[in-house]
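Q: give me a 3D structure for the following:
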Amino acid sequence: MSLAITGAILFSAKAIVAKLLYAYHLDAVTVIAFRMLFSLPVFAAIAIWQGWKNEPLSTADRWRLLALGLVGYYLSSFLDFLGLQYISAGLERLILFLTPSFVLLIHVLWFKRPIRPIEYLSLGIAYAGIVLVFMHDLSFNGQQVILGAGLVLGSAIAYATYLIQSGEMVLRIGALRLVSYAMCVSSFACIAQFVVLRPISLLNQSWPVLSLSMVNAMVCTVLPVFLTMFAVQKIGAPKASQAGMIGPVSTLVLGSVFLQEAVTTWQLAGASLVILGMYLLSRK
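A: Below you'll find the predicted structure:
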């Protein structure tokens, strides 16, 4: 359980590090490019190892992995970092925390899955919490909150789509292989986006930017992926996902400490409702 909790806290800290990087006048394209540039060697090494020890993928699976990497990690990460330029780290984490509810809603709308009363209740509670925090932030930051929340919402929906589409593949080729391949695809896409849209001279950054980017890549990306994977192997996916509920709370605390973001009663109440709603949704 401690592995899952640590992974959730470190992954949530990504928003804090991104906000610190934005203080150096970087944009989302540059921040995410540095993140993937530093994490790519690790995921590439794992991908090569997995390719060496396993049978080659079929052509169809290669195309599926390409699509999963572009939607699940590239698109969702880019929208997330873009949204973080306009909203607080606490609101960003709460919106992303609704990803399981988007998975459920996609199943209901696309696959015509029936929804149980407890799921209606959990969704109502969680979305009430989001509305509470959203209205609080809107009163302070105006229209930027609408734009930022919309971008992060798109990120959560993109990642929910990835989770649904990867369900069958992860059973067939394994989680480590799928994640390493998909992250390599995402890394190349993020770096290529930077090369096309930004001058290469932007890679010449100060030491604080490079060190924060390294933290973003290793501590907030690579390490949480493996900690969560090991946790799932030891305690199972349900318990690991419940341990992840500490994420929104840790983001509020870290935002208060490192970004001086105010933690109000409204935010705590909204976060509590979101966590309660997702807890109810995760129960069998």
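
Q: hey, let's count contacts and neighbours off CA atoms from now on
A: OK.

Q: now the helices for the stretch 51-200 of the chain?
A: Along the stretch 51-200 of the chain, counting by DSSP state H, counting those that start in this stretch, helices occupy 59-68, 76-83, 89-96, 99-110, 117-141, 143-173, 175-197.

Q: quickly compare those and say which is most buried.
A: helix 89-96 (a mean of 26; mean count of other Cα atoms under 10 Å).

Q: from the centre of this protein, point out the most distant residue.
A: Residue farthest from the centre of the chain, counting by Cα atoms, centre = their mean, is residue 55 at 29.8 Å.

Q: how about residue 266, what does it touch?
A: Neighbour list for residue 266: 132-133, 136 [criterion: Cα atoms under 8 Å, 6 or more residues apart in numbering].

Q: what distance do you get for the residue farthest from the centre of the chain to residue 186?
A: Residue 55 sits 23 Å away from residue 186, going by Cα to Cα, to the nearest Å.

Q: with residue 143 instead?
A: For residue 143, the distance to residue 186 - Cα to Cα - is 30 Å.

Q: got it, and residue 4?
A: Taken as Cα to Cα, the span from residue 4 to residue 186 is 24 Å.

Q: for the stretch 1-150 of the chain, which residues score under the pLDDT cut-off?
A: 139-142 (pLDDT under 70).

Q: pretty sure residue 78 contacts residue 31?
A: No. The criterion here is Cα atoms under 8 Å, and residue 78 misses it with residue 31 at 9.5 Å.

Q: now do the shared contacts for these two.
A: Common neighbours of residue 78 and residue 31 (Cα under 8 Å, 6+ apart) do not exist.

Q: next up, phi/psi of residue 58, please.
A: With angles defined as degrees, to the nearest 10, residue 58 sits at phi -70, psi 160.

Q: check contacts around it.
A: Counting by Cα under 8 Å, 6+ apart, residue 58 has no contacts.

Q: what is the burial count for residue 70?
A: 24 (other Cα atoms under 10 Å).

Q: next one: residue 277
A: Neighbours of residue 277 (other Cα under 10 Å): 25.
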